[in-house]
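J.: how would this look folded up:
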Amino acid sequence: MESGPKELSSITVPTLVICGTKDMIRNDHTKLIACSIPGAVLKIIKWDHFIANKQAEEFNRAVAEFLETI
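T.: Residues are numbered from 1 along each chain as shown. Just a heads-up that it's a prediction; the model follows:
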C-alpha cells in the first residue's frame with residue numbers, strides 16, 4: 001500500500017514540517033507534505049537534511065515557536 005497526500009489529509013493534530021534549504025528531500029515534495037496536512041506549518045531552515053544536529057539552536061527555536069501556537 002502506497003501512502004501519499006490523501007492519507008496525510010487525515011492527520012488532525014497540529015503538525016510542523018521542517019526541512020533544510022539544501023535538504024536531500026526535494027523541496028516540492030516537502031511542500032506537498034505540508035500542504036497535504038490540514039493546518040500544517042512549514043519551516044525551512046538554511047542548511048541540509050541534518051539541521052536538528054548541525055543547526056540545533058535554530059531548529060529548537062522553530063519547534064519552540066510552533067509549540068507556543070498550540
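
J.: give me the residue at the spatial middle of this protein.
T.: By CA atoms, centre = their mean, the chain has its centre lying nearest to Val17, at 1.2 Å.

J.: can you list the buried residues in the lengthiest helix in the chain?
T.: Longest helix in the chain, counting residues (DSSP state H): helix 56-68. Across helix 56-68, burial judged by 16 or more other CB atoms under 10 Å covers 58-59, 62, 66. Glycine gets a C-beta too; all of them are placed from N, C-alpha and C.

J.: now, which of the residues you listed sits nearest Lys46?
T.: Of all the buried residues of helix 56-68, Glu58 has the smallest distance to Lys46: 8.0 Å, by CB to CB.

J.: how close does the closest one get to Ala40?
T.: In this view, Glu58 and Ala40 are 19 Å apart by CB to CB, to the nearest Å.

J.: would you map the helices across the protein?
T.: For the chain, the helices defined by DSSP H cover 5-8, 27-36, 51-54, 56-68.

J.: pLDDT weak spots in the chain?
T.: Along the chain, segments meeting pLDDT under 70 span 1-4.

J.: how about 50 then?
T.: Residue ranges of the chain with pLDDT under 50: 1.

J.: could I get the helices of the chain in JSON lines, plus columns for distance to Ile44?
T.: Below are the helices of the chain laid out as JSON lines (distance: least, CB to CB, whole Å):
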{"stretch": "helix 5-8", "distance to Ile44": "18"}
{"stretch": "helix 27-36", "distance to Ile44": "8"}
{"stretch": "helix 51-54", "distance to Ile44": "10"}
{"stretch": "helix 56-68", "distance to Ile44": "10"}
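
J.: closest one to Thr21 among those?
T.: Across those, closest to Thr21 is helix 27-36 (CB to CB), at 8.2 Å.
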